[in-house]
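**Student:** Got a predicted structure plus its sequence, pasted below:
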Amino acid sequence: MPETLSYDAVVIGGGPSGAIAAEELALAGWSVALIDRAGRIKPCGGAIPPRLIRDFKIPDHLLVAKIRCARMIAPSRQKVDIHIDNGFVGMVNRGEFDEYLRQRAVSAGATRMTGQFSRIHPPEAGPWRRIDVETGQERGLPVQQTIRAKLVIGADGARSQVAKQSVPGADRGKTVFAYHEILRRPQAQQAQQADYDPDRCDVYYQGEISPDFYGWMFPHGDCLSIGTGSMDKGFSLRHATGLLKQRAGLDQCELLRKEGAPIPLKPLPRWDDGHNVVLAGDASGVVAPASGEGIYYAMLGGQLAAKAGLAFLKSADSRDLRLARKTFMKAHGRIFFILGLLQRFWYQTEKRREQFVKICRDKDVQQLTFDTYMNKALVRHRPMAHLRILIKDIAHLLGFARA
């Protein structure tokens, strides 16, 4: 077995959350190992809001598309176009985007290792925690590398093994499964026939596409992502995606690859183990309900885990690790709660989906929705708009609103 390696911190998972955590720790002067599985590209729509681009200094060359309109499509095929005034939502290809973030972490001083996390050992006396990573094979047998660190950040995605092995209650987290296909962008004639717009995202609220979530078509420059998700294990996501391609007029586009992955439904009640492990990103459950948005929250979660970890490394007080969840939920817990209510109510029947899309015709709804999405904060300076939206919601629920 190779010699045990020692670092101040080890980050398990090289996605946006883990890469940002490793970068933050390395910039602060601590020795950091970033453990990443090679060759995996997470299934993801790839949308990043202006707040993310600004806060994390994302260069423009990584944006393969700039979305300026979102089209919502009801069960009746009625469409509502929501235009983004004075801004855009950036689209990234996760392969290039994630690698850029990992390289940033290395440039900051992190040590990058390719391997598969296999085990975290129980807490020991003193500051150290040991983990085992499978780094390859020798004579047909796995090669295990043991690493010891004072801090372990688990950023290894939904159904995190770090969380499962170390954080109480992590096994109770629920997930929705998402599936998408990456297609070649349609040529001019086909794009015109399909009403394909490279600057517009299409979102389908239709029970045949998803009984409890939505289907999507997101442009990505010379390609596009099209897919759906559901909690219903008996629902065929591949069949639904095929149907979605037909309805979007994109079923003749070249298939480049297909991918699927679980997405967490809500933040876990606990992100640390009370010793020296803290979770970040999908591992901690931070994907927004209703929208399924995860990149911004993953990167913020990685940043907050690193800040909590820095406090812990300086104090050796494990209570400092609680700061990651506490800070996140103070800033975004209310938004997640509201989005969860929205998903549980509006996504359940065709009638409610139809009403939901109808509500989205309202300019107040559109403005407040995008203000919140773009800036990642509830808008408080327009109380009359909130009141109007509440009245309109009640009217739709009681069937008094006009079509």
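**Tutor:** Perfect, thanks for sending it. Numbering: from 1, shown residues only.
**Student:** Could I get the buried residue list for stretch 343-360?
**Tutor:** 343, 346-347, 352-360 (16 or more other C-beta atoms under 10 Å). (Glycine included, C-beta is placed from N, CA and C.)
**Student:** from the residues you listed, which two are the most distant?
**Tutor:** Largest separation among those by C-beta to C-beta: 343 and 358, giving 17.3 Å.
**Student:** Now do the helices in the protein.
**Tutor:** Assigned by DSSP state H, the helices in the chain fall at 16-27, 50-55, 94-108, 161-166, 188-194, 237-248, 295-315, 323-346, 350-359, 363-375, 383-398.
**Student:** Look up phi and psi at the most centrally placed residue in the chain.
**Tutor:** With distances taken as C-alpha atoms, centre = their mean, residue 294 lies nearest the centre of the chain, 1.8 Å away. Dihedral pair for residue 294: phi -130, psi -20, per degrees, to the nearest 10.
**Student:** For it, which non-adjacent residue is spatially closest?
**Tutor:** Leaving out its chain neighbours, the residue that sits closest to residue 294 by C-beta to C-beta, 6 or more residues apart in numbering is residue 287, at 4.1 Å.
**Student:** hang on, isn't the one you found packed against residue 263?
**Tutor:** Yes: Residue 287 lies in contact with residue 263 (C-beta atoms under 8 Å); the separation is 5.2 Å.
**Student:** neighbour count winner among those two?
**Tutor:** Each of residue 287 and residue 263 has its neighbours counted (other C-beta atoms under 10 Å); residue 287 has more, 25 against 21.
**Student:** which residues does that one contact?
**Tutor:** By C-beta atoms under 8 Å, 6 or more residues apart in numbering, the residues touching residue 287 are 158, 263-265, 293-294, 297-298.
**Student:** And it, how far from residue 350?
**Tutor:** 25 Å (C-beta to C-beta, to the nearest Å).
**Student:** what's the answer for residue 171, then?
**Tutor:** Using C-beta to C-beta, residue 171 is found at 34 Å from residue 350.
**Student:** pretty sure residue 203 contacts residue 214?
**Tutor:** Yes: taking contacts as C-beta under 8 Å, residue 203 lies within contact range of residue 214: 5.4 Å.
**Student:** could you pull out the strands for the stretch 1-150 of the chain?
**Tutor:** Using DSSP state E, counting those that start in this stretch, the strands found in the stretch 1-150 of the chain span residues 5-12, 32-36, 47-48, 65-67, 69-73, 79-83, 89-91, 111-114, 116-120, 129-138, 141-154.
**Student:** Equivalent analysis for the stretch 151-300 of the chain, please.
**Tutor:** Going by DSSP E, counting those that start in this stretch, the stretch 151-300 of the chain shows strands at 175-184, 200-204, 215-220, 223-230, 255-264, 277-279.
**Student:** Looking at these, spot the one closest to residue 162.
**Tutor:** Of those, nearest to residue 162 by C-beta to C-beta is strand 277-279, at 6.8 Å.
**Student:** Out of the strands of the stretch 151-300 of the chain, which one sits most buried?
**Tutor:** Mean neighbour count (mean count of other C-beta atoms under 10 Å) peaks for strand 277-279 among these, with a mean of 31.
**Student:** Can you name the residues in contact with that strand?
**Tutor:** Counting by C-beta under 8 Å, 6+ apart, 120, 129, 151-155, 160, 162-163, 166-167, 170, 268, 271-272, 305, 308-309, 312, 321, 324 sit against strand 277-279.
**Student:** Name the residues that touch stretch 51-60?
**Tutor:** 20, 48, 63, 90, 92, 295-296, 299-300, 374-376.
**Student:** Identify the residue spatially nearest to residue 288, adjacent ones excluded.
**Tutor:** Counting by C-beta to C-beta, 6+ apart, the residue nearest residue 288 is residue 339, at 5.6 Å.
**Student:** same thing with residue 144?
**Tutor:** Counting by C-beta to C-beta, 6+ apart, the residue nearest residue 144 is residue 132, at 5.1 Å.
**Student:** hmm, back to that, redo the strands of the stretch 151-300 of the chain as JSON lines? Include distance to residue 59.
**Tutor:** JSON lines is the format used below for the strands of the stretch 151-300 of the chain (distance: least, C-beta to C-beta, whole Å):
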{"stretch": "strand 175-184", "distance to residue 59": "23"}
{"stretch": "strand 200-204", "distance to residue 59": "22"}
{"stretch": "strand 215-220", "distance to residue 59": "17"}
{"stretch": "strand 223-230", "distance to residue 59": "20"}
{"stretch": "strand 255-264", "distance to residue 59": "24"}
{"stretch": "strand 277-279", "distance to residue 59": "28"}
